[in-house]
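K.L.:
Okay, predicted coordinates and the sequence, questions at the end:
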Amino acid sequence: MTSPWVSDVLLAAAGAFILYAVVLLYRVVAGPTMQDRVIAVNVVGTNTVVVLALLSVALEETSFLDIALVYALLNFLMSIAISKFTVERGGVI
Amino acid sequence: MTTVADAAIVALAVGGVFFGLVAAVGILRLPDLYTRTHAASKSDTLGSVLTLGAVAIALGADLSIMKTVLLLLFLFVTNPTAAHAITRAAHEQGIDPWRVDDEGGGE
Amino acid sequence: MAPTPVEAGLLVVILGSALATAVLRDVLGSIIAFSAYSLGVAMLWVVLRAPDVGLTEAAVGAGVMTILLLLTIAKTVRPSEDRVLASFDPKTLVLVAAFVLALGATVPALPAVGSPDAPVVSSEVSQYYLDHAYKDTGVENVVTAVLAAYRGFDTLGEAVVVFTAGVAVVAVLKREVTA
Amino acid sequence: MSDARRSPYVESTIIMTTVRVIAPFVMTYGLFVMFHGAKSPGGGFQGGAIVGALVLMLAFAFGADPTREWVNQRVVVGLLVVGVATFVGIGLATMALRGSFLEYAVIAGAKSSKYAIELIELGIGAIVSGVITSLFFLIDAGFDVEADAADAGGETPEETPGEPSSGEVGS
């Protein structure tokens, strides 16, 4: 149905999203506030979901979508946890 | 041979990569936390949704297309929630927004 | 075998976030960098076509690990942060460098990823599992077949270890929660 | 840490709504991973970790103490026991049917070994989710620094340390 070169395009897109993850690591290290780091990691997590979905098409293994689904469901848990933690130092939870 | 589906996949993937670039540049270059959250919540959600649309078309009629649509919906719900949680925490913590006349506030 | 661009990018993500975890002075920052590391490792498992391990990394790394670490630092004392990066102890650096060298020396001895004459491919044991798993157990996923059927007794041992650890923690900390 | 004029950061409506929407999917998906481990990646450990993460998610959205009242601690410890009992029970059942320990093929019926394996995966999932949940609740309620200091010093603390303030967060 789709041409064979399409999977190359999707693989290249996955490479681009991984490149974004690399440059976002600068924000994880540099901060300056904790929330900046959390935002950067949250975007890396979203990119991970996209990369996993792209790889599952490019490598023709649809079972990889399961892993992407787990990240889509659980990634924001970390953001909520850390953001609540930074406000009340663990008193909230 | 290029079909309509191929063209749609490539267009959506290129759009997704572009908005991912916007998000990455925004998070690296914008002056403070609140402006960076715009890049994280809006551009990145749009970019990932476009790319997942490309994935859904590439998978074709299959059970796994349902997983992709679920992925898309979950990202659409959870990503802005995470941005909200982070920004609200920063606000509660007393981090002031950046202003134009604020010389030292930016990078 | 040269890595593909995707693999090379993933290696940079993993090494960068691991380094960030090590050098960030604030423990909370380390935890955040560690979750980035977990994301990179999960992508690497997928690239290496090990979806079972990737799913474990996703389920544990994304949800559980970060929160248990957060709870731990919430209940303990954090050093006050005045610098962004940690200072290095030269003795520790020497020790870590020696460890990395020792581990790195073993890397050339490993077969290349996907190499046709790797022991795991040429060994008759794994070939036996691939050939007979479905017929013997009726399970499509060979990993599950090996874990639950061929080495089921070992898995029982692991489950009992987890159970024992959980019960021990409950017993030790129980006095705190009895309301 | 936060300004005095602001109320402390309690449950946000947006987070609660999102968790309310997402939680059924997480539960379903965790059970799917456990049940479907025979066919797709996953299995008891991964599914159990997902179900455990669900409890953590609820605790973060609605507060730990309401969640602790909702998830009964006895049920959690019971899950651990049921998980191990399932595993050992299947092993002993195959022995009772004149097979070896965990020799599923002796159980009568088509695809019997597949169903036995799926039951075992459920048992492992129960163990893992129970351990994660109880670890979370115990660390959360656990070693209060002041309470430990009071214990060590022999002073009488103003509040009883073992009493979690269950009434406050629920409102």
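P.N.:
Nice, I can see it.
K.L.:
Would you point out which residue of chain B is nearest chain D?
P.N.:
With Cβ to the nearest Cβ as the measure, B:T81 is the residue of chain B nearest to chain D, at 4.2 Å. Just so you know, the C-beta spots here come from the backbone N, C-alpha and C atoms, and that holds for glycine as well.
K.L.:
Quick check: which element contains that residue?
P.N.:
Element membership for B:T81 (DSSP states H and E) is helix B:64-93.
K.L.:
Could you confirm whether the helix or strand hosting C:L15 reaches chain A?
P.N.:
Here C:L15 sits within helix C:5-23, counting by DSSP H and E. Yes: applying Cβ under 8 Å from any Cβ of the partner chain, one finds helix C:5-23 touching chain A at C:P5, C:V6, C:G9, C:L10, C:V12, C:V13, C:G16, C:S17, C:A20, C:V23.
K.L.:
Could I have the buried ones of the residues you listed as PyMOL selection syntax?
P.N.:
Buried residues among the residues of helix C:5-23 next to chain A (16 or more other Cβ atoms under 10 Å in any protein chain shown), as a PyMOL selection:
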select buried, chain C and resi 6+9+10+12+13+16+17+20+23
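K.L.:
low-scoring stretches of the chain, by residue?
P.N.:
By default, I'm working from chain A. A:1-2, A:88-93 (pLDDT under 70).
K.L.:
meant chain D, my bad for not saying
P.N.:
Short version for chain D, where the test is pLDDT under 70: D:1-11, D:142-171.
K.L.:
just checking, what's the longest helix in it?
P.N.:
helix D:112-141 (DSSP state H).
K.L.:
and if you look at chain C?
P.N.:
If you go by DSSP H, chain C has its longest helix at helix C:152-177.
K.L.:
Give me the angle between that one and helix D:112-141.
P.N.:
Helix C:152-177 runs at 20 degrees relative to helix D:112-141, counting by axes from the mean of the first three to the mean of the last three Cα atoms, to 10 degrees.
K.L.:
Figure out how far helix C:152-177 is from the centre of its chain.
P.N.:
Here helix C:152-177 is found 21 Å from its chain centre; the criterion is Cα atoms, centre = their mean, to the nearest Å.
K.L.:
Give me the buried stretch members for it, please.
P.N.:
Buried, per 16+ other Cβ under 10 Å, within helix C:152-177: C:152, C:155-156, C:159, C:162-163, C:166-167, C:169-170, C:173, C:176-177.
K.L.:
Which of these sits closest to A:Y71?
P.N.:
Closest approach to A:Y71 among these (Cβ to Cβ): C:V162, at 23.7 Å.
K.L.:
Kindly provide the distance from the closest one to chain B.
P.N.:
Using Cβ to the nearest Cβ, to the nearest Å, C:V162 is found at 29 Å from chain B.
K.L.:
Hmm, D:I127 and that residue touching each other?
P.N.:
Yes: C:V162 lies in contact with D:I127 (Cβ atoms under 8 Å); the separation is 5.5 Å.
K.L.:
which regions of chain C lie under the pLDDT threshold?
P.N.:
By pLDDT under 70, the weakly predicted segments of chain C are C:1-2, C:77-86, C:174-179.
K.L.:
got a list of what the residue nearest in space to the middle of it touches?
P.N.:
Centroid-nearest residue in chain C: C:E57, 6.5 Å away (criterion: Cα atoms, centre = their mean). Counting by Cβ atoms under 8 Å, 6 or more residues apart in numbering or on different chains, C:E57 touches C:S38, C:V41, C:A42, C:W45.
K.L.:
which SSE is B:D96 in?
P.N.:
For B:D96, there is no helix or strand it lies in under DSSP H and E.
K.L.:
circling back to that earlier point, okay if I get the residues of helix C:5-23 next to chain A as CSV plus distance to chain B?
P.N.:
Output for the residues of helix C:5-23 next to chain A, formatted as CSV (distance: Cβ to the nearest Cβ, whole Å):
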residue, distance to chain B
C:P5, 14
C:V6, 14
C:G9, 13
C:L10, 16
C:V12, 14
C:V13, 13
C:G16, 14
C:S17, 16
C:A20, 15
C:V23, 20
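K.L.:
Please see if whichever strand or helix holds B:I27 touches chain C.
P.N.:
Element membership for B:I27, per DSSP H and E: helix B:4-29. No: with Cβ under 8 Å from any Cβ as the criterion, chain C is not reached by helix B:4-29; the gap is at least 13.0 Å.
K.L.:
And for residue 25, the neighbour number?
P.N.:
Since no chain was named, I'll use chain A. Other residues lying near A:L25 total 23 when counted by other Cβ atoms under 10 Å in any protein chain shown.
K.L.:
Wait, chain C was what I had in mind.
P.N.:
Per other Cβ under 10 Å, the neighbour tally for C:R25 reads 15.
K.L.:
Remind me which helix or strand the closest residue to A:G31 other than its chain neighbours belongs to.
P.N.:
Leaving aside its sequence neighbours, A:G31 sits nearest to A:R37 (Cβ to Cβ, 6 or more residues apart in numbering or on different chains; 5.9 Å). Taking DSSP H and E as the criterion, A:R37 maps to helix A:34-58.
K.L.:
Quick check: next helix or strand after that helix?
P.N.:
Helix A:34-58 is succeeded, C-terminally, by helix A:64-88 (DSSP H and E).
K.L.:
ok, D:S129 - contacts?
P.N.:
D:S129 makes contact with D:G30, D:G47, D:G48, D:A49, D:V51, D:G52, D:V55, D:L79, according to Cβ under 8 Å, 6+ apart.
K.L.:
now the fifth one: how far from chain B?
P.N.:
If I follow you right, that is D:V51. Note on D:V51: its distance to chain B, by Cβ to the nearest Cβ, is 17 Å.
K.L.:
before we move on, which element is that residue in?
P.N.:
Applying DSSP H and E as the criterion places D:V51 in helix D:44-62.
K.L.:
what's that helix packed up against?
P.N.:
With contacts taken as 3 or more Cβ pairs under 8 Å, 6 or more residues apart in numbering or on different chains; DSSP states H and E, helix D:44-62 sits against helix A:64-88, helix C:51-57, helix C:66-75, helix D:13-35, helix D:64-70, helix D:112-141.
K.L.:
Quick check: which of these is buried the most?
P.N.:
Here the criterion is mean neighbour count by mean count of other Cβ atoms under 10 Å in any protein chain shown, and of the helices and strands packed on helix D:44-62 the winner is helix A:64-88, at a mean of 27.
K.L.:
So which other helices or strands are in contact with it?
P.N.:
Using 3+ Cβ pairs under 8 Å, 6+ apart: helix A:64-88 touches helix A:34-58, helix B:64-93, helix C:27-47, helix C:51-57, helix C:66-75, helix D:13-35, helix D:44-62.
K.L.:
Please work out the residue of chain D nearest to chain C and name it.
P.N.:
For chain D, Cβ to the nearest Cβ, closest residue to chain C: D:A53, 3.0 Å.
K.L.:
gap between the residue lying closest to that residue once chain neighbours are set aside and D:T133?
P.N.:
Among residues not flanking D:A53 along the chain, C:G63 sits closest, at 3.0 Å (Cβ to Cβ, 6+ apart). C:G63 is 12 Å from D:T133, where distance means Cβ to Cβ, to the nearest Å.
K.L.:
who's in contact with residue 56?
P.N.:
No chain in the question, so chain A it is. A:T62, A:S63, A:F64, A:L65, A:A68, B:V55, B:S64, C:V46.
K.L.:
The chain in question should be chain C.
P.N.:
For C:T56, the contact set (Cβ under 8 Å, 6+ apart) comprises D:F45, D:Q46, D:A49.
K.L.:
Same check on B:G26?
P.N.:
B:T35, B:R36, B:H38, B:A39, B:A40, B:S43.
K.L.:
Those residues in helices, which ones?
P.N.:
In helices, defined here by DSSP H, the members of those are B:T35, B:R36, B:H38.
K.L.:
since we're on the residue of chain C found nearest chain D, how many residues are nearby?
P.N.:
Nearest residue of chain C to chain D (Cβ to the nearest Cβ) works out as C:G63 at 3.0 Å. Neighbours of C:G63 under the rule other Cβ under 10 Å: 28.
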